[in-house]
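Novice: here are the coordinates; sequence isn't available:
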């Protein structure tokens, strides 16, 4: 028994926030014991160094933050109240204990913000850093989870927040794109390195009658395609109405390029929701209380697939990151 | 959207057994939706190619089997009824779709045996194959989960089945050890390549008053140490009473070497339980119905740590695989 190993796990546990009310036994036994708060949404997501992030660009703390935020974003898209998370860290020996503790700090930062308990975990050796998160959320009393499958013709489509920020942040990390001021660039970097799962927004939209929701992790076009496929409808999106991250036009070198980046770049973790038109006012009021804007960008029609309409007429084909070779993939 | 990717995920889903009664929405949305059957035991475990297995020795199907069996073994050690599993497969592109489908077949084989639904998953690109399993089990009606923490002085210690088989199987895979006949060698290989989580046995022991349990994944000595630490007791184990895998003495080159292999080799996934002595008869009767033997190997005393007593007198120090650099580590 390598004593140092157990000391490290104890040190990691010390960094994490205390147990939530549902926890009977946390980390340290064969399994955690939890009293679930009713129907549960459970998502699994993994991020891999060199594929979904570069440790040398991100730093270990941002890796922990983003891995948990991505898992919680799946819960947001269901309209779930966040509950527990379980985290596997597979790490090279040369990474060092300090980096593992920084990953724990990143997990703790996001867990604390959202009242989530990291109830269990596993630390294993691996030639490459992989962080896998299982996120568990609960169905609010009196509400129903929202899947991708409930959109119907006549519903309007709306997105939370602004798009393209994470893609812009990635471009900045990689030294691509036109010069932008720190006032515009820093928020883009934050969208990439410290994304915000839209949990309050997902709960608000679910309460106000959203018929389908998805978090935009693969890119608006690709994720709209998932909703279209699951709902058996066609999604018509007006590219010109997409709310752009401030500074994205400067970075991308023009509005057209910025719109394409916003429609195809993933990892913004905003929500795309379908709503009956008569619910829009109530949804907007609920969203006001979250401080996040809601923008109508299109509608649901009979048919299949996604149409991304260009400002001057014409269309582009939706595309997104390759799920297996590239970006975070959907899960659950 | 890479169509081939979604076809592959659909093909994987087709290989997996149908939904259990608790599943409202399986794979394919942002998260699975499950109606939990009360208090839940949740474990996470990951296995990494070159660390916990070698794909060239195991084959892809055995990787899937073992990853899920290891997760279910954690549930067995809690006395949990198995429920759902969620699986992350991080795989190199060059692995090929056939190998991914074989991993799914291995998962399906173990899931079907134990009535488990693979309710969600994630498939991502990675330079190295990693399979991470989240296993969820439920507290049986009228019973309580058994942790590592309830052993007290005067309890006896018992193990299910026989030990050392998985270590023997690994030695055979690596071409080590004395010659053994296929009649003895094949069952050892099966202990390594197709381990059996002791779910029925865990339920039986929990029902008959086990005060503490753990699954032997790191080695008897190391795992006994976990129980000793959690329970605040000393565990006295008589090495000579350890039930050995048939053929282990031939393979190891003598009884002493075989006993040491059985005490230190991990991954047998047998259960070590502490029981009040008056419960032993009832526990043995319950175990008879599972077809698995139960062997008394020692007792719980005041103090701390683990004593492994040698047949001729004297002691050896417990040791086990290094959790971080080597074997499957405990979780939850």
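Specialist: Arrived safely, thanks for sending. The shown structure was predicted, so the numbers you read here are calculated from the model rather than taken from an experiment. Numbers count the residues shown, from 1 in each chain, chains lettered A, B, ... in the order given.

Novice: Pull the number of nearby residues for residue A:114.
Specialist: 20 (other CB atoms under 10 Å in any protein chain shown). Just so you know, the C-beta spots here come from the backbone N, C-alpha and C atoms, and that holds for glycine as well.

Novice: ok, now how distant is the closest residue to it other than its chain neighbours from residue B:244?
Specialist: Leaving aside its sequence neighbours, residue A:114 sits nearest to residue A:82 (CB to CB, 6 or more residues apart in numbering or on different chains; 5.0 Å). Distance check for residue A:82 against residue B:244: by CB to CB, to the nearest Å, it reads 48 Å.

Novice: Could you give the number of residues near the residue lying closest to residue A:17 once chain neighbours are set aside?
Specialist: Spatial nearest neighbour of residue A:17, excluding adjacent residues (CB to CB, 6+ apart): residue A:112 at 4.8 Å. Residue A:112 has 12 neighbouring residues, counting by other CB under 10 Å.

Novice: can you check the one 4 residues further on too?
Specialist: By other CB under 10 Å, 27 other residues sit near residue A:116.

Novice: What sits closest to it if chain neighbours are left out?
Specialist: Per CB to CB, 6+ apart, closest to residue A:116 is residue A:82, 5.0 Å.

Novice: What strand or helix carries the one you found?
Specialist: strand A:81-91 (DSSP states H and E).

Novice: packing partners for that strand?
Specialist: Helices and strands touching strand A:81-91, by 3 or more CB pairs under 8 Å, 6 or more residues apart in numbering or on different chains; DSSP states H and E, are strand A:32-34, helix A:60-78, helix A:97-114, strand A:117-125, strand A:130-138, helix A:199-207, strand B:40-48, strand B:130-138.

Novice: ok so, going back, ok, now how distant is the residue nearest to residue A:114 from residue A:75?
Specialist: 5 Å.

Novice: joint contacts of those two?
Specialist: Both residue A:82 and residue A:75 are contacted by A:135, A:137, A:199, under the criterion CB atoms under 8 Å, 6 or more residues apart in numbering or on different chains.

Novice: Among the residues you listed, which one lies nearest to residue A:143?
Specialist: Checking the shared contacts of residue A:82 and residue A:75 against residue A:143 by CB to CB gives residue A:137 as the nearest, at 11.9 Å.

Novice: what pairs with the closest one across the strands?
Specialist: Residues in a beta bridge with residue A:137, per DSSP bridges, are residue A:41, residue A:82.

Novice: For chain A, give me the ranges with low pLDDT.
Specialist: A:1-6, A:319-332 (pLDDT under 70).

Novice: For residue A:96, grab the count of nearby residues.
Specialist: Around residue A:96 there are 12 residues (other CB under 10 Å).

Novice: I meant residue A:307, not that one.
Specialist: 20.

Novice: domains in chain A, as residue ranges please.
Specialist: A:3-138, A:156-316 (automatic domain parsing).

Novice: Same list (those) but as a markdown table, adding distance to residue B:88.
Specialist: Formatted as a markdown table, the domains of chain A follow (distance: least, CB to CB, whole Å):
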| stretch | distance to residue B:88 |
| --- | --- |
| domain A:3-138 | 5 |
| domain A:156-316 | 15 |
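
Novice: right, so of the ones you listed, which gets closest to residue B:173?
Specialist: Among the domains of chain A, domain A:3-138 sits nearest to residue B:173 (CB to CB), with 19.3 Å.

Novice: show me where the stretch 151-300 of chain A has strands.
Specialist: Secondary structure of the stretch 151-300 of chain A (DSSP state E, counting those that start in this stretch): strands located at A:156-160, A:212-215, A:234-238, A:271-275, A:294-301.

Novice: who wins for proximity to residue B:90 among those?
Specialist: Of all these, strand A:212-215 comes closest under CB to CB, at 20.5 Å.

Novice: packing partners for that closest one?
Specialist: helix A:60-78, helix A:199-207, helix A:220-231, strand A:271-275.

Novice: Make a markdown table out of these and add distance to chain B and mean neighbour count.
Specialist: As requested, the helices and strands packed on strand A:212-215 are exported to a markdown table (distance: least, CB to the nearest CB, whole Å; neighbours: other CB atoms under 10 Å in any protein chain shown):
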| stretch | distance to chain B | mean neighbour count |
| --- | --- | --- |
| helix A:60-78 | 4 | 29 |
| helix A:199-207 | 10 | 25 |
| helix A:220-231 | 5 | 24 |
| strand A:271-275 | 10 | 29 |
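
Novice: Between the shared contacts of residue A:82 and residue A:75, which sits nearest residue B:236?
Specialist: After measuring the shared contacts of residue A:82 and residue A:75 against residue B:236 - CB to CB - the closest member comes out as residue A:135, at 42.4 Å.

Novice: ok, now how distant is the closest one from residue B:27?
Specialist: Distance of residue A:135 to residue B:27, given as CB to CB: 15 Å.

Novice: Okay, and the beta partners of the closest residue to residue A:44 other than its chain neighbours?
Specialist: Nearest in space to residue A:44, with sequence neighbours left out and distances taken as CB to CB, 6+ apart, is residue B:86 at 4.5 Å. Counting by DSSP bridges, residue B:86 forms beta bridges with residue B:120, residue B:134.
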